[in-house]
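Engineer: Quick one: sequence and predicted model below, then my questions.
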Amino acid sequence: MNEFTRLYRLDALSDEPRAVGIEAGPAEREALAARFRLVALDSLAAEAQISRQGDVALAAGLVRARVTQACIATSEPVEQEVEENFRIEFRPPPDSRGEEEIELGEEELDVVFYEGGAIDLGEAAAQTLLLGLDPYPRSPAAEAALREAGVKSEEEARAESSPFAALEALKGKLES
């Protein structure tokens, strides 16, 4: 069972878009924070327009959240506000035989398969939040901690790996 479930039955949807708003409660936010390894999830809400055409449902809208993540270098709390637009197409699972692999084209990356005649907008909002999180959150002290650990900045690494840096090193050897 998903931590943040907001089901909308397909037979209650039409081709006329319907505005909906959902918000995660405290227990749901706590469970999602644990699942996504967040220090805290202070808020999670979504506003969407949902509609249906045949057996395909469409949800488009905006997810808003306030999260606290652990800094990758210092583990200090890093607060972040997330605002992510989404457009998700909910489809019934394709007819597949056995363990046949299903490939989606680039235009189908925001497709979610549903079962049981209902779509779960809550789980879609949770997944949208996950995609919007900073994968490498850094506190103000992160740069100093990384430098102390011997990690080079992107600029230093780029400069050292450039062909001109290699030529400069060879020039130094030739002159000695």
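Structural biologist: Nice, thanks for sending it over.

Engineer: Show the low-confidence segments of this structure, by residue range.
Structural biologist: 1, 96-109, 144, 150-162, 164-176 (pLDDT under 70).

Engineer: Can you show me the strands along it?
Structural biologist: Per DSSP state E, the chain carries strands over the ranges 7-9, 18-23, 40-53, 56-70, 77-91, 111-113, 118-120.

Engineer: Rebuild those strands as TSV, extending it with mean neighbour count and distance to Q127.
Structural biologist: Every residue, glycine included, has its C-beta placed from N, CA and C. Below are the strands of the chain laid out as TSV (neighbours: other Cβ atoms under 10 Å; distance: least, Cβ to Cβ, whole Å):
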stretch	mean neighbour count	distance to Q127
strand 7-9	16	15
strand 18-23	14	13
strand 40-53	18	11
strand 56-70	20	9
strand 77-91	16	9
strand 111-113	14	8
strand 118-120	21	10
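
Engineer: For stretch 113-133, which outside residues touch it?
Structural biologist: Contacts with stretch 113-133, where a contact means Cβ atoms under 8 Å, 6 or more residues apart in numbering, come from 2-11, 20, 22, 24, 28, 32, 36, 38, 44-46, 48, 50, 57, 59, 63, 65, 67, 69, 80, 82-84, 86, 88, 90-94, 112.

Engineer: roughly how far apart are P17 and I50?
Structural biologist: 7 Å (Cβ to Cβ, to the nearest Å).

Engineer: For I88, list the residues it contacts.
Structural biologist: So I88 contacts L58, A59, A60, D110, V111, V112, A124, T128 (Cβ under 8 Å, 6+ apart).
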